[in-house]
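Student: Give me a model of this one.
(2 chains)
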2 protein chains.
Amino acid sequence: MIVKSTDFKVFLVFALIISIFIFLLVGCEVKIEGDVGDMLPSWNDGAAKQTIINFVKEVTDKNNPNFVNPADRVATFDNDGTLWAEKPLYFQIYFLLQQIKDQAAKHPEWRDQQPFKAVLEDDRETMKSFQVSDILKLGLAGHSGMSQEEFETAAINFITTAKHPEKNVLFTDLVYHPMLELLDYLRENEFKVFIVSGGGIDFIRAFSEDIYGISKENVIGTAIQTDFVSEDGKSYLKRFPMLVPPIDDKQGKPVNLHRFIGRRPILAGGNSDGDIQMLQYTDDREGPALCLLLHHDDADREWAYDQESKVGHLDKGLDEAKNRGWTVVSMKNDFKQVFP
Amino acid sequence: MIVKSTDFKVFLVFALIISIFIFLLVGCEVKIEGDVGDMLPSWNDGAAKQTIINFVKEVTDKNNPNFVNPADRVATFDNDGTLWAEKPLYFQIYFLLQQIKDQAAKHPEWRDQQPFKAVLEDDRETMKSFQVSDILKLGLAGHSGMSQEEFETAAINFITTAKHPEKNVLFTDLVYHPMLELLDYLRENEFKVFIVSGGGIDFIRAFSEDIYGISKENVIGTAIQTDFVSEDGKSYLKRFPMLVPPIDDKQGKPVNLHRFIGRRPILAGGNSDGDIQMLQYTDDREGPALCLLLHHDDADREWAYDQESKVGHLDKGLDEAKNRGWTVVSMKNDFKQVFP
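Tutor: Reported below is the predicted structural model:
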């Protein structure tokens, strides 16, 4: 032993030096994290990635005139076609068809009633001609009649087992990896990240925490009415077949997001004409804003569609992006990798 | 120098020992924090305080069968009469009367129309006979016709300047100090704290962050409809005189809180019969739950009221608390200090 046990001063000096060392290390790590551009490694270098990074740097830099307080750093994203794929049909529709089949025994009348009959008979030709009103009818019937907890259990069961009809993987395997990185990057920079989807709020909540790291209370979507029921000393919410207006699409997006969040986003991302109003509402806030529009132009790795597509219809959104200088993200050019 | 500069091993051993020492210290500090009962110094020692502390200890202790994951640690509180006072009238009503006066010039017809006439003429006798329908009529008229941003500005202006008619202090000086401590204590233990109020969601949001440390997106209340308006290249949400159903009271509380949050609370606090359903819904979850009912029984320091009062009416709630074993918090006995 070369250190005298009595020499406590030396011990203290060492303790001090090493403490400083450790604190410097911790300090550096934090600083390095804040500076790392490459929290977005699966984005190709290009205008879109650079615009995102520049925006985040500006709004988080106290010395920048565009600095935004963390409380105001709200980012809202559409879900279908923005965070995960939406082809050949919105994924929730497959869940809905499953729910109709699961509940058919309780509804013998469905065997002779369209649109239910086609679903129960797997009549693809009739199903191809379904209008929005048919889907809505199926949605209200299939997604109601149970408690919130029962619905959640069914949704979790579907999302953890059912496979995509073409890709033969779980639907949650078709989230966009670059978008997951973007969500992490924003949260790392003290953004509060929300989903604002035309899809069902309770369906998305069944997987948003596990898949996106977005907690249930940060999910906004189209909702079904519920009734508070108290019987036999137990209470629950029963879903009944009526929508809560407005549908969370187009004008409904800014209306609902403000109702839930109470302030305008400073960053919003979408991919279809249904997202235009949310992006306008973001763009028109006082102070800095970033609007992202994801363009599905990669038929090889995903799907390529815009004006001609019913699902994820994108037409006026591209004009509006051009006029207002929104950032169009090309899946083909800006995504180094598409799926995880 | 008694340490040889070449003896790097000794340096490493020291580094190790001191690192362990520091980590132990940090670890202890965290542990000590978790154990501190007195994050609630303005609560008197007694059953209520002890029940709260025991509950929080159990749900945050990984080794306890009642452990609850942080994601599920949702706490919801009523506002009027639970977080701040509500006498002689709900404070929002004073704001509403101010708004009616401020907008009277734009509505000459109000001069001859009740209930507006009485407000504009400060006719206290007529105002005393107002029914809920009169207040609703005033509320819809006074709180609509402007953008969300204009409403927020008016609410902030009111809340930072107007005085309580009897106490002659800002309304926000009449928050309950023990409840502020409780909110902090819960957040310190990774609870997500929400307001679920019959009052106006956008009114409460104007001060919830500053006064309660509750961010706007964690405020749920009765909402007014809005329309998305886009004109001259600028977009905003215009408030129009219609409520978003349901009113956030009684059965409406569990319905709305689940719509916003997506899960049942594990802790809920209220003070009137309007909170019964929220407390039932909390109590009836799978797993541990704590329900608090604040009883206004301190005429000296605040106000004393329950069955006989229109504002903050509490009657069946006391029976339900007794039957279900909810924790009744007596303002007189459990609050060491009432206001900040």
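Student: Please look at residue A:253 and residue A:274 and confirm they touch.
Tutor: Yes - using C-beta atoms under 8 Å, residue A:253 makes contact with residue A:274 at a distance of 7.4 Å. All C-beta spots, glycine's among them, are computed from the backbone N, C-alpha and C.
Student: So if I had to pick from those two, which one is more boxed in?
Tutor: residue A:253 (30 against 24; other C-beta atoms under 10 Å in any protein chain shown).
Student: Tell me the helices and strands packed up against the host helix or strand of that one.
Tutor: Per DSSP states H and E, residue A:253 falls inside helix A:252-261. The helices and strands touching helix A:252-261, judged by 3 or more C-beta pairs under 8 Å, 6 or more residues apart in numbering or on different chains; DSSP states H and E, are strand A:74-77, strand A:192-200, strand A:219-231, helix A:276-283, strand B:219-231, strand B:234-244.
Student: Any chance of CSV for those, columns mean neighbour count?
Tutor: Shown next, in CSV, are the helices and strands packed on helix A:252-261 (neighbours: other C-beta atoms under 10 Å in any protein chain shown):
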stretch, mean neighbour count
strand A:74-77, 26
strand A:192-200, 24
strand A:219-231, 19
helix A:276-283, 25
strand B:219-231, 19
strand B:234-244, 16
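Student: Including mean pLDDT and distance to residue B:38, could the ones you listed go into JSON lines?
Tutor: Output for these, formatted as JSON lines (pLDDT from 0 to 100; distance: least, C-beta to C-beta, whole Å):
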{"stretch": "strand A:74-77", "mean pLDDT": "98", "distance to residue B:38": "35"}
{"stretch": "strand A:192-200", "mean pLDDT": "98", "distance to residue B:38": "31"}
{"stretch": "strand A:219-231", "mean pLDDT": "97", "distance to residue B:38": "37"}
{"stretch": "helix A:276-283", "mean pLDDT": "98", "distance to residue B:38": "44"}
{"stretch": "strand B:219-231", "mean pLDDT": "97", "distance to residue B:38": "28"}
{"stretch": "strand B:234-244", "mean pLDDT": "97", "distance to residue B:38": "41"}
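Student: Of the ones you listed, which is nearest residue A:338?
Tutor: Comparing the helices and strands packed on helix A:252-261 by their distance to residue A:338 (C-beta to C-beta), the top pick is strand A:74-77, with 16.6 Å.
Student: Where does pLDDT dip in chain A?
Tutor: Along chain A, segments meeting pLDDT under 70 span A:1-37.
Student: Swap in 90 and give it another go.
Tutor: A:1-37, A:128, A:132, A:232-233 (pLDDT under 90).
Student: where exactly do the helices run in it?
Tutor: Ranges of helices within chain A are A:8-35, A:47-60, A:91-103, A:116-120, A:124-128, A:132-142, A:148-159, A:177-188, A:201-205, A:208-212, A:252-261, A:276-283, A:316-324, A:331-334, based on DSSP state H.
Student: who wins for proximity to residue B:311 among these?
Tutor: So among the helices of chain A, helix A:252-261 is nearest, using C-beta to C-beta, at 26.5 Å.
Student: who's in contact with the residue in the stretch 101-250 of chain A positioned nearest to chain B?
Tutor: Proximity of the stretch 101-250 of chain A to chain B (C-beta to the nearest C-beta) peaks at residue A:216, 3.3 Å away. Counting by C-beta atoms under 8 Å, 6 or more residues apart in numbering or on different chains, residue A:216 makes contact with A:205, A:208, A:209, B:261, B:262, B:263.
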